[in-house]
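Novice: I need the structure of the sequence given here:
(one chain, ligands or ions: 1)
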Amino acid sequence: MSVPVKNNISWVGKVDWELRKFHGEEYSTHKGSSYNSYLVREEKIALIETVWTPFAEEFVQNLQKTIDLNKIDYIIANHGEIDHSGALPELMRLIPDTPIYCTANAVKSLKGQHHQEWNFRVVKNGDRLSLGTKELIFIEAPMLHWPDSMFCYLTNDNVLFSSDAFGQHYATEKLFNDLVDQPELFLECIKYYANILTPFSSFVDRKIKEFVSLNLPLDMICTSHGVIWRDNPLQIVTKYLEWSANYQENQITVIYDSMWDSTRKMAETIAHGISEEDPNVLVKIYNAGRADKNDIITEVFKSKAIVVGSSTINKGILTSIAGILEEIRGLGFKNKAAAAFGAYGWSGESVKMITDRLKEGGFTIANDGLKLLWTPDEDGISACRNFGRDLVKALAES
Ligand SMILES: Cc1cc2nc3c(=O)[nH]c(=O)nc-3n(C[C@H](O)[C@H](O)[C@H](O)COP(=O)(O)O)c2cc1C
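Specialist: From the prediction side, this is the model:
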């Protein structure tokens with residue numbers, strides 16, 4: 001399948017409707033995904049990106065129906081990750097001498113993954129490649145989201161091929177941003193940013209400002225996953241600027257796990273206390289053992305504070321909480337407060353352990369946390385309520 005995008009640009013990628021887990025089991029893709037590859041047919045012909053390995057054969061067969069492969073002059077590898085480079089071995093088997101334009105770091109990542117000595121042509125920030133009357137301008141974008149990442153920009157058509165930036169895991173038959181379900185689209189965009197790009201926010205901010213300073217007109221952003229931004233492409237750029245600036249909404253998220261419901265009761269009562277104290281704050285509660293971890297991370301991203309609870313088990317914390325705390329630590333959220341709580345039976349290590357991990361993750365710790373023996377009685381319930389209320393007060397003061 002080949003879909004016209006603009007003038008001589010067509011989409012030759014793969015929509016993966018069935019995908020539900022990405023990066024192994026690390027990322028949930030409730031709406032599938034797509035691996036976007038683009039063919040630019042000017043006097044010279046360039047193929048930008050390929051698709052993920054399981055679809056290599058299908059991709060190449062499809063491409064052969066669109067174009068004689070020997071007519072492809074240049075392959076552009078904006079990013080070496082195998083969801084974009086996975087079909088290169090199959091393609092390069094048929095056109096082994098075709099030059100692959102990529103960053104120096106992409107030579108390393110492509111060689112490291114595919115172990116092939118292809119005809120690499122290293123490009124640097126600002127380098128240009130003539131396709132005839134139009135040119136591709138290469139824009140290195142290290143750490144968006146790998147060291148090898150780059151964008152490229154097609155002059156005259158004013159199209160930015162942005163690799164993983166501005167993308168989202170979203171399978172769609174419609175391909176263009178104005179033709180899809182908007183709330184669904186933006187949910188997948190913010191989830192993608194929260195879970196993949198949060199650690200690289202300073203690079204996002206810098207790269208966008210650098211791109212803006214180039215004064216290149218922008219008609220369209222062709223991402224490597226999900227929709228093509230043709231209707232007001234700046235809307236997603238503006239969102240990225242907001243999200244990269246220590247983003248938060250007026251939300252507090254309570255995350256817990258519990259063996260016999262004591263910590264669950266604490267979680268629900270703390271949430272009531274928060275709501276009572278500030279009726280305007282959005283409060284959400286997630287059991288980390290049951291909810292999808294990437295959805296929880298998206299809520300953490302939107303929160304000004306999180307409250308994390310686990311009962312003590314074997315002098316430690318429940319594994320789902322350990323998992324989500326590790327995820328949170330790695331993402332390096334900034335400008336957020338946190339507090340811990342949990343039930344215990346005798347030694348009660350969990351609250352301190354959670355607090356320490358949140359501190360390590362860069363959160364401002366709002367208080368010493370709340371630990372309750374066994375199951376909360378009426379006094380315990382009222383302590384939880386006050387804990388929620390006091391947290392709101394402490395946030396307001398800070
Ligand atoms: C397998 C198991 C191990 C436990 N280990 C500890 C422990 O090391 N220290 C402690 O203070 N409590 C321990 N407890 C007691 C629980 O923390 C206590 O029952 C608590 O009320 C459970 O809260 P929950 O219902 O929210 O899980 C353990 C309980 C279980 C079932």
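Novice: Next up, identify which helix or strand the closest residue to residue 114 other than its chain neighbours is on.
Specialist: Leaving aside its sequence neighbours, residue 114 sits nearest to residue 89 (Cβ to Cβ, 6 or more residues apart in numbering; 5.7 Å). (Glycine included, C-beta is placed from N, CA and C.) Assigned by DSSP states H and E, residue 89 belongs to helix 88-94.
Novice: quick revisit: isn't the residue nearest to residue 114 right up against residue 113?
Specialist: No. Assessed by Cβ atoms under 8 Å, residue 89 is found out of contact with residue 113, at 9.7 Å.
Novice: which residues of the stretch 1-150 of the chain fall in helices?
Specialist: 56-66, 82-85, 88-94, 104-114 (DSSP state H, counting those that start in this stretch).
Novice: quick one, which of those is packed in tightest?
Specialist: helix 82-85 (a mean of 24; mean count of other Cβ atoms under 10 Å).
Novice: Number of residues surrounding residue 275?
Specialist: When neighbours are counted by other Cβ atoms under 10 Å, residue 275 registers 17.
Novice: can you pull the contacts of it?
Specialist: Counting by Cβ atoms under 8 Å, 6 or more residues apart in numbering, residue 275 touches 281, 283, 388.
Novice: Mind exporting the C-alpha coordinates of stretch 111-120 to PDB?
Specialist: Written as PDB, here are the backbone C-alpha positions of stretch 111-120 (Å, rounded to 0.1, in the frame of the first residue of the first chain):
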ATOM      1  CA  LYS A 111      26.100  -1.800  13.000                       C
ATOM      2  CA  GLY A 112      25.600  -2.800  16.600                       C
ATOM      3  CA  GLN A 113      22.200  -4.200  15.800                       C
ATOM      4  CA  HIS A 114      22.500  -5.500  12.300                       C
ATOM      5  CA  HIS A 115      26.200  -6.300  12.100                       C
ATOM      6  CA  GLN A 116      26.400  -5.200   8.400                       C
ATOM      7  CA  GLU A 117      28.900  -3.000   6.600                       C
ATOM      8  CA  TRP A 118      26.400  -1.100   4.500                       C
ATOM      9  CA  ASN A 119      27.300   2.000   2.400                       C
ATOM     10  CA  PHE A 120      26.900   4.500   5.200                       C
END
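Novice: Give me the buried stretch members for stretch 305-317, please.
Specialist: The neighbour-count check on stretch 305-317 (16 or more other Cβ atoms under 10 Å) flags 305-313, 317 as buried.
Novice: now do stretch 39-50
Specialist: 39-42, 44-50.
Novice: What lies in contact with the helix holding residue 89?
Specialist: With Cβ under 8 Å, 6+ apart, helix 88-94 has contacts from 50, 56-57, 59-60, 63, 69, 75, 77, 98, 100, 110, 114, 116, 118.
Novice: can you give me how far that helix is from the chain middle?
Specialist: 29 Å (Cα atoms, centre = their mean, to the nearest Å).
Novice: neighbours around residue 20, how many?
Specialist: Residue 20: 14 surrounding residues under other Cβ under 10 Å.
Novice: Could you tell me which residues of the chain lie near the ligand?
Specialist: 258-263, 311-315, 343-348, 374-375 (Cβ under 6 Å from any ligand atom).
Novice: Which ones among the residues you listed map onto strands?
Specialist: 312-313, 343-344 (DSSP state E).
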